[in-house]
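Participant: take this sequence and fold it.
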Amino acid sequence: MEQESFTIGEFAQRSGVSIRTLRYYDSIGLLTPSRYTEGGHRLYGIPDLQKLHQIQALKFLRFSLKEIAEIIDTSIIDEASLAESLQYQQKVFKAKQEEIQHILANLSHLSEMIAGQHQVDVSVFCSMLHSLIWEEEAKDWCRRHFPEQEADELFDLHHEDKLRLEQEWMQILSTIKSLVQQAVSPFAPEAQDMVRKLMILMDKTLKGNLTEFNQKLEEATAFDFPTPFTEEEERFLKEAMEAYQHKDGAV
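Facilitator: Presented below is the predicted three-dimensional model:
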């Protein structure tokens with residue numbers, strides 16, 4: 001009975017390995033076709049597929065192609081090398097597992113953060129998402145420029161407190177953008193009330209250390225904090241804050 005055979009295209013589709021890779025394996029003698037057609041085209045058989053599965057398994061364990069060729073040739077692998085490769089992959093996938101768990105936790109947190117919002121400003125949401133993703137970098141920046149205990153305290157929040165704080169930030173950031181869209185003057189009462197709420201929120205976020213933080217910030221190296229604002233919105237906010245700070249009785 002004639003053995004089942006596959007063209008290189010059929011073999012690539014069945015194995016999930018690209019034609020380019022199969023040609024490379026052939027060129028280095030790692031996996032040569034069982035036979036060729038009269039026209040010189042490669043034909044692979046079931047034994048070739050079984051050998052390719054071995055190659056893929058050993059590649060998964062991070063053996064080099066040279067090592068794989070030797071292992072397949074002798075059909076033997078020493079226990080120490082195999083154990084080392086298995087331990088390495090365990091570490092790799094444990095790290096991936098932790099990363100996935102962290103991502104799932106962030107996604108759950110974001111779902112809670114937008115709960116009850118009928119409409120969410122995209123730029124505000126993306127800014128909040130960016131802050132969440134780069135939170136560790138922000139922590140490192142704070143630790144470099146402020147006493148470590150103070151820096152850590154800024155991020156030491158219970159889940160519910162953090163959620164409420166982020167929802168307040170979403171609200172105030174969306175309000176700023178809305179005021180600009182409505183062409184409200186930065187000197188108008190509603191703009192000044194917005195700045196008052198913003199200053200209170202900033203002080204709350206910094207746990208009562210807003211003045212001290214601003215003083216130290218002047219000496220610190222810049223950190224690319226994500227912003228949801230356009231240049232027009234940033235100008236509006238700057239003018240509104242300057243006007244607020246010059247008012248009598250400004251906090």
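
Participant: now the closest residue to Asp26 other than its chain neighbours, what's its secondary structure?
Facilitator: Leaving aside its sequence neighbours, Asp26 sits nearest to Thr32 (Cβ to Cβ, 6 or more residues apart in numbering; 5.4 Å). C-beta: built from backbone N, CA, C; applies to glycine. Assigned with DSSP: H, G, I helix; E, B strand; the rest coil, Thr32 falls in the coil class.

Participant: what comes up buried for the helix ranked longest in the chain?
Facilitator: Ranked by number of residues, the top helix in the chain under DSSP state H is helix 79-114. Buried residues in helix 79-114, counting neighbours by 16 or more other Cβ atoms under 10 Å, are found at Ser85, Met113.

Participant: for the helix or strand following that helix, which positions count as buried?
Facilitator: Remark: after helix 79-114, the chain's next helix or strand is helix 122-133, criterion DSSP states H and E. For helix 122-133, burial by neighbour count (16+ other Cβ under 10 Å) applies to Ser123, Val124, Phe125, Ser127, Met128, Leu132.

Participant: I'd guessed the second one sits against Met170; true?
Facilitator: Yes: when contacts are counted by Cβ atoms under 8 Å, Val124 is listed as touching Met170 (5.7 Å).

Participant: what pLDDT does the residue nearest to Gln89 when sequence neighbours are not counted get?
Facilitator: Sequence neighbours aside, Leu61 is the residue nearest to Gln89 in space, at 6.3 Å (criterion: Cβ to Cβ, 6+ apart). At Leu61, the pLDDT value in this model is 91.

Participant: helix or strand with the lowest mean pLDDT in this protein?
Facilitator: Ranked by mean pLDDT, DSSP states H and E, the weakest helix or strand in the chain is helix 210-217, scoring a mean of 67.

Participant: which helix or strand lies directly C-terminal to that helix?
Facilitator: Counting by DSSP H and E, the next helix or strand C-terminal to helix 210-217 is helix 231-246.

Participant: re the thing from before, just the angle between the longest helix of the chain and helix 122-133, please?
Facilitator: Helix 79-114 and helix 122-133 meet at an angle of 140 degrees, taking axes from the mean of the first three to the mean of the last three Cα atoms, to 10 degrees as the criterion.

Participant: tell me the average confidence for helix 79-114?
Facilitator: The predicted model assigns helix 79-114 a mean pLDDT of 90.

Participant: elements contacting that helix?
Facilitator: helix 122-133, helix 159-181 (3 or more Cβ pairs under 8 Å, 6 or more residues apart in numbering; DSSP states H and E).

Participant: from Val180, how far off is Phe229?
Facilitator: To Val180, Phe229 is 9 Å away according to Cβ to Cβ, to the nearest Å.

Participant: if you count what's nearby, which of the two comes out ahead?
Facilitator: The residue with more neighbours, out of Phe229 and Val180, is Val180; 20 against 17, by other Cβ atoms under 10 Å.

Participant: ok, Leu43 - contacts?
Facilitator: Ser5, Phe6, Thr7, Pro33, Ser34, Arg35, Tyr36, Thr37 (Cβ atoms under 8 Å, 6 or more residues apart in numbering).

Participant: name the nearest residue to the residue nearest the centre of the chain, sequence neighbours excluded.
Facilitator: Computing the C-alpha centroid of the chain and ranking residues by Cα atoms, centre = their mean puts Ile133 first, at 5.9 Å. Leaving aside its chain neighbours, Ile133 sits nearest to Asn106 (7.3 Å; criterion: Cβ to Cβ, 6+ apart).

Participant: any idea how far the one you found is from Met128?
Facilitator: Counting by Cβ to Cβ, the gap from Asn106 to Met128 is 11 Å.

Participant: Leu61 and Ala83: what is the separation?
Facilitator: Leu61 is 10 Å from Ala83, where distance means Cβ to Cβ.

Participant: ignore what I typed, I meant Leu22.
Facilitator: Counting by Cβ to Cβ, the separation of Leu22 from Ala83 is 31 Å.
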